[in-house]
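1. okay, predicted coordinates and the sequence, questions at the end:
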Amino acid sequence: MAQTRGKRTRTASRRVEGWIKPVEPEFETIQILRDDGSYDEASLPDLTDDQMKELYEWMVFARILDQRALNMQRQGRMGTYPPVGGQEAAQVGSAYALEKEDWLFPSYRESAAMMVHGMPPELTFLYWMGREEGAAAPEGVNVFTISIPIATQVPHAVGAAWAARLRGEKKAFLVYFGDGGTSEGDFHEGANFAGVFKAPVVLFCQNNHYAISVPLERQTASRTIAQKAVAYGFPGVRVDGNDVLAVYAVTREAVERARRGEGPTLIEAVTYRYGPHTTADDPTRYRTADEVKEWQERRDPIMRFRRFLESRGLWSEAQEEELQERLRERAAEVVRKAENYPKPEPTNMFDYMYAELPWNLKEQREALLQELAERGEAR
């Protein structure tokens, strides 16, 4: 019996030889602004001049705040921090495509996107300073809490989107993750569920080429991340993540598609982070200075967009100087607000774990109060 099966297998293998073909998906990278800021008029999205200048201001402010946060971390005024530099267009362009009632689900690097969607930047600073007040958005700001574990926010966003669909709400949900996140099971489970139940969610991958130190080609055999959408039965699109107009246009279409009940979209925004994965990382161990310089000098998202605005007569050196001065003052105010935020009561740690505090924690609470009184720090 075994020999017969073996013979049939060999015969079958000869019969089907040549049927299996290599997968060669075609996912072009959508671009509106070329690296030098030039463009084709017909491809521009429907944005007013003021809206385009607002996009630029958000990007510049994001970079200024990012540098402030990095400096504060190095000075011991902030905990571990994940820099945004280089990814401003991907975040600002995508978040700008949302309406106020839409929801944004961030990972840990989306400080720029969160800010555009209404999150006060001083609260994000508080988060990285270890303060619980920075973990939740104010009432009316539809930003979910920051997710530190990789890709866990994907099924959260998909579930929230599905719930909104069941309630008949016309909302879109935008969830961010990195290229490394697509190696996690949570991404695949979320994508599969989103496809099956047509959840109104946009899966936004910022492909910055490294999962901490692991380059993309060692994470996946797929030529693109966008092609992964094919397996789950919904559209995938690849966009130049350093082109803020292309990012906005693609995300806007995906958001409107979700709101119409047409299901999810996977967007791969090809970008690059200039700094470390976090301030605990040393990127010189896994990439060259020349590689970083190439992206900074030839493909910087802010300079590209500035050249575009200048070419249309919408921006000048005088406007740039005024903007830089105004935003640096605003950034200083963000830092002042964060650092002068009312300090929490030391006994708060005992207040939220139990409906009724156990005897041993009551003793510890009293001991803490006594110690604070002896040190003259009683509140």
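-> Received the coordinates, thanks. Residues are numbered from 1 along each chain as shown.
2. for Phe173, phi and psi?
-> Backbone geometry at Phe173, expressed as degrees, to the nearest 10, gives phi -120, psi 130.
3. what residues are up against the residue nearest to it when sequence neighbours are not counted?
-> For Phe173, ignoring the flanking residues on the chain, the nearest one in space by Cβ to Cβ, 6 or more residues apart in numbering is Ala161 at 4.0 Å. Yep, even glycine has a C-beta here, placed from its N, CA and C like the rest. Residues near Ala161 by Cβ atoms under 8 Å, 6 or more residues apart in numbering: 103, 171-173, 194, 199-201, 258, 264.
4. from those residues, which land in strands?
-> Helix and strand membership here follows DSSP state E; of the contacts of Ala161, those in strands are 103, 173, 201.
5. returning to what we had before: let me know the distance separating the residue nearest to Phe173 from Glu262.
-> The spacing between Ala161 and Glu262, counted by Cβ to Cβ, to the nearest Å, is 13 Å.
6. tell me, what's touching the two both at once?
-> With contacts defined as Cβ under 8 Å, 6+ apart, no residue is adjacent to both Ala161 and Glu262.
7. Ile150 against Gly185, yeah?
-> No. Using Cβ atoms under 8 Å as the test, Ile150 is too far from Gly185 to be in contact (10.2 Å).
8. which one of the two has more residues nearby?
-> With other Cβ atoms under 10 Å as the criterion, Ile150 and Gly185 differ in neighbour count, and Ile150 comes out ahead with 20 against 10.
9. for the more buried one, give me its contacts.
-> 107, 177-178, 180-181, 184, 186.
10. next, it: phi, psi?
-> On the backbone of Ile150 - angles per degrees, to the nearest 10 - the values are phi -70, psi 120.
11. wait, is Phe27 part of a strand?
-> No. Assessed by DSSP: H, G, I helix; E, B strand; the rest coil, Phe27 does not belong to a strand; its assignment is coil.
12. residue ranges for the strands of this protein, please.
-> With DSSP E applied, the chain shows strands at 29-30, 103-105, 173-178, 201-207, 210-211, 214-215, 236-240, 265-270, listed in chain order.
13. may I see these organised as a markdown table, with mean pLDDT added?
-> A markdown table is the format used below for the strands of the chain (pLDDT from 0 to 100):
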| stretch | mean pLDDT |
| --- | --- |
| strand 29-30 | 98 |
| strand 103-105 | 99 |
| strand 173-178 | 99 |
| strand 201-207 | 99 |
| strand 210-211 | 96 |
| strand 214-215 | 96 |
| strand 236-240 | 98 |
| strand 265-270 | 99 |
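14. tally up the residues packed near the nearest residue to Phe308 once chain neighbours are set aside, please.
-> Taking Cβ to Cβ, 6+ apart, and ignoring the residues beside it in sequence, Phe308 has Gly37 as its nearest neighbour in space, at 4.4 Å. Gly37: 17 surrounding residues under other Cβ under 10 Å.
15. try Asn192
-> For Asn192, the number of neighbouring residues by other Cβ under 10 Å comes to 15.
16. how about the contacts made by it?
-> Asn192 neighbours (Cβ under 8 Å, 6+ apart): Tyr232.
17. sorry, back to before: which of the strands of the chain sits closest to Pro342?
-> With distances scored as Cβ to Cβ, the stretch of these nearest to Pro342 is strand 103-105 (26.9 Å).
18. quick one: distance of the closest one to the chain centre.
-> Strand 103-105 has its C-alpha centroid displaced from the chain centroid by 10 Å (Cα atoms, centre = their mean, to the nearest Å).
19. for stretch 25-38, same thing?
-> Using Cα atoms, centre = their mean, the mean C-alpha position of stretch 25-38 is found 20 Å from that of the whole chain.
20. endpoints of it, how far apart?
-> When the termini of stretch 25-38 are compared using Cα to Cα, to the nearest Å, they are 28 Å apart.
21. hmm, back to that, could the strands of the chain go into a markdown table alongside mean neighbour count and distance to Ile64?
-> Putting these into a markdown table (neighbours: other Cβ atoms under 10 Å; distance: least, Cβ to Cβ, whole Å) gives the following:
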| stretch | mean neighbour count | distance to Ile64 |
| --- | --- | --- |
| strand 29-30 | 18 | 28 |
| strand 103-105 | 24 | 21 |
| strand 173-178 | 28 | 21 |
| strand 201-207 | 29 | 20 |
| strand 210-211 | 20 | 24 |
| strand 214-215 | 13 | 30 |
| strand 236-240 | 24 | 23 |
| strand 265-270 | 27 | 22 |
